[in-house]
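Q: Can you look at this prediction? I've put the sequence above it.
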2 protein chains.
Amino acid sequence: MKKIHLDPNTILHPHPVLLVGTYGVDGKPNLMNAAWGGICCSVPPCVAVSLREATLTYHNILHSQAFTVGIPSRKFVEVADYLGIVSGRDYDKFKDAGLTELKSENVNAPIAAEFPYSLECRLYQHHKLGLHTVFIGEILGVLADEAVLSDKGLPDIEKVQAILYGGFGSNHYFAIGEKLGQAFSVGKKIKNGSDKA
Amino acid sequence: MKKIHLDPNTILHPHPVLLVGTYGVDGKPNLMNAAWGGICCSVPPCVAVSLREATLTYHNILHSQAFTVGIPSRKFVEVADYLGIVSGRDYDKFKDAGLTELKSENVNAPIAAEFPYSLECRLYQHHKLGLHTVFIGEILGVLADEAVLSDKGLPDIEKVQAILYGGFGSNHYFAIGEKLGQAFSVGKKIKNGSDKA
């Protein structure tokens, strides 16, 4: 297999599609699409989202000290993309996308009722990395559609019909594909076949 | 749609499958499977990985000030899972998984030659969040199989045959599914249909 050395690049597969809900200084609800983020701590439960200072959401989070992270199902691909194309400075994105604003009961941030579930976060830490700043939110609650819960009472990726962003190199959204194996299980055959080092 | 309030939980879909390569204090190469991380800054290009202090990789990164992030293709589902089941304190994971160690030319960390591409990172920042610490690596290079590059010269998610981790609620690995739409494009019809707020 021929190996190629590439220049430094922000390439990684896959990215989630994170729809970040905030209130503006004027109380106006907003949503933006962020691909760079994910869960980052178990205790306390935290989620990270990286944002440029140029975005309205960056300033909204610093002002309100809170945000939500909505996870879209596949029927919201166009809505999710729209939320990443325009700025809340110029557009009423809830209205344009036909989304219903709910105020989080846990934090000072809005939720789109139509998304299958949303994480409700208070700003816990933020660190300037360079052009992007990573915002760490402590998850204080999760608002979910009962219909997407597994038998363990948590949102199930297949019931959610979650989507992903393919990132640079293939600039598309994708569905979740077929099951390939159970985590913390399919690797055991390698473990059992090896001697302790 | 009936909404349910759930307790705080580290639920999010999807997670990537990040195979983190490090050298130990004794020079022994190791790989671990981390689901909590992703790209977090464009300039400088950075990737984040969250780790508990209990892991060997946590201590290896602090010692070597470097790590790699390998992205597996679907044929490495069992290998990836194995790398998350056992500790490098007890097992020689490269040997057990049949992986070939390459030393990164950019940083003091190992790469598995069989993975379609790997990010080569120097430790840039790290922040203790709670039980997990987030390690931010500046990406100094990318080593990729020529066969997985798009016509733009970057790894393509479909050629990579990347996989994802479904997280809690559905504890499985999944393939990437079908294309749902082009990013920064399919949402334009909403933009074009709306008036400026």
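A: Received it, and whenever you're ready, just let me know what you need. Numbering: from 1, shown residues only, chains lettered A, B, ... in the order given.
Q: contacting residues for the residue most central in space within chain A?
A: Geometric centre of chain A, nearest residue: residue A:18, 2.5 Å, by CA atoms, centre = their mean. Listed by CB atoms under 8 Å, 6 or more residues apart in numbering or on different chains, the contact partners of residue A:18 are A:33, A:34, A:35, A:37, A:38, A:49, A:69, A:70, A:71, B:12. Backbone N, C-alpha and C define where each C-beta goes, glycine included.
Q: and with 7 Å instead?
A: By CB atoms under 7 Å, 6 or more residues apart in numbering or on different chains, the contact list for residue A:18 reads A:34, A:35, A:37, A:49, A:69.
Q: Give me the neighbour count for the first one.
A: Which is residue A:34. Neighbour count of residue A:34, defined by other CB atoms under 10 Å in any protein chain shown: 23.
Q: quick one: low-confidence parts of chain A?
A: A:193-197 (pLDDT under 70).
Q: tell me which residues of whichever helix or strand residue A:191 is part of are tucked away?
A: Using DSSP states H and E, residue A:191 falls within helix A:188-193. Within helix A:188-193, the residues scored as buried using 16 or more other CB atoms under 10 Å in any protein chain shown are A:190, A:191.
Q: need the contact list for residue A:3.
A: Applying CB under 7 Å, 6+ apart to residue A:3 gives the contacts B:143, B:144, B:145.
Q: Contacts for stretch A:85-104 next, please.
A: Contacts to stretch A:85-104, defined as CB under 7 Å, 6+ apart, come from residues A:24, A:29-32, A:56, A:68, A:79, A:82-83, A:110-114, A:120, B:184, B:187-188, B:190-191, B:194, B:196-197.
Q: hmm, 6 Å instead?
A: Stretch A:85-104 is contacted from outside by A:29-31, A:56, A:68, A:79, A:82-83, A:110-114, A:120, B:187, B:190-191, B:194, B:196-197, using CB atoms under 6 Å, 6 or more residues apart in numbering or on different chains.
Q: which stretches of chain A form helices?
A: Secondary structure of chain A (DSSP state H): helices located at A:56-64, A:77-85, A:93-96, A:157-160, A:188-193.
Q: Residue B:179: which of these is closest?
A: Between residue B:179 and those, the shortest gap by CB to CB is with helix A:77-85, which sits at 10.1 Å.
Q: okay, that closest one in PDB with CA atoms only?
A: Only the C-alpha atoms of helix A:77-85 are listed here, as PDB (Å, rounded to 0.1, in the frame of the first residue of the first chain):
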ATOM      1  CA  VAL A  77     -30.700  17.200   6.500                       C
ATOM      2  CA  GLU A  78     -31.700  20.400   4.600                       C
ATOM      3  CA  VAL A  79     -32.600  22.200   7.800                       C
ATOM      4  CA  ALA A  80     -29.300  21.300   9.400                       C
ATOM      5  CA  ASP A  81     -27.400  22.500   6.300                       C
ATOM      6  CA  TYR A  82     -29.400  25.700   6.200                       C
ATOM      7  CA  LEU A  83     -28.500  26.300   9.900                       C
ATOM      8  CA  GLY A  84     -24.800  26.200   8.800                       C
ATOM      9  CA  ILE A  85     -25.100  28.500   5.800                       C
END
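Q: Skipping adjacent residues, who's closest to residue A:189 in space?
A: Leaving aside its sequence neighbours, residue A:189 sits nearest to residue B:78 (CB to CB, 6 or more residues apart in numbering or on different chains; 6.7 Å).
Q: ok, how many other residues are close to that neighbour?
A: For residue B:78, the neighbour count with other CB under 10 Å is 18.
Q: surely residue A:155 meets residue A:117?
A: Yes. Using CB atoms under 6 Å, residue A:155 is in contact with residue A:117, at 4.7 Å.
Q: about what we covered before: would you check which pair of the contacts of residue A:18 lies furthest apart?
A: Counting by CB to CB, the most remote pair of these is A:35 and A:69, 12.1 Å apart.
Q: Dig out what residue A:52 forms beta bridges with.
A: On the basis of DSSP bridges, residue A:52 is bridged to residue A:132.
Q: Run a quick neighbour tally on it.
A: If we define neighbours as other CB under 10 Å, then residue A:52 has 14 of them.
Q: how near is it to residue A:29?
A: 21 Å (CB to CB, to the nearest Å).
Q: try residue A:92
A: Distance, residue A:92 to residue A:29, by CB to CB: 9 Å.
Q: Now do the buried residues in stretch A:109-129.
A: In stretch A:109-129, counting by 16+ other CB under 10 Å, buried: A:109-112, A:114-127, A:129.
Q: List, out of these, those positioned next to chain B.
A: Counting by CB under 6 Å from any CB of the partner chain, A:127, A:129 from the buried residues of stretch A:109-129 sit close to chain B.
Q: need the contact list for residue A:183.
A: Contacts of residue A:183 (CB under 6 Å, 6+ apart): residue B:171.
Q: residue ranges for the strands of chain A, please.
A: A:3-6, A:18-23, A:29-34, A:37-41, A:46-52, A:66-71, A:101-103, A:110-112, A:117-128, A:132-145, A:163-165, A:172-182 (DSSP state E).
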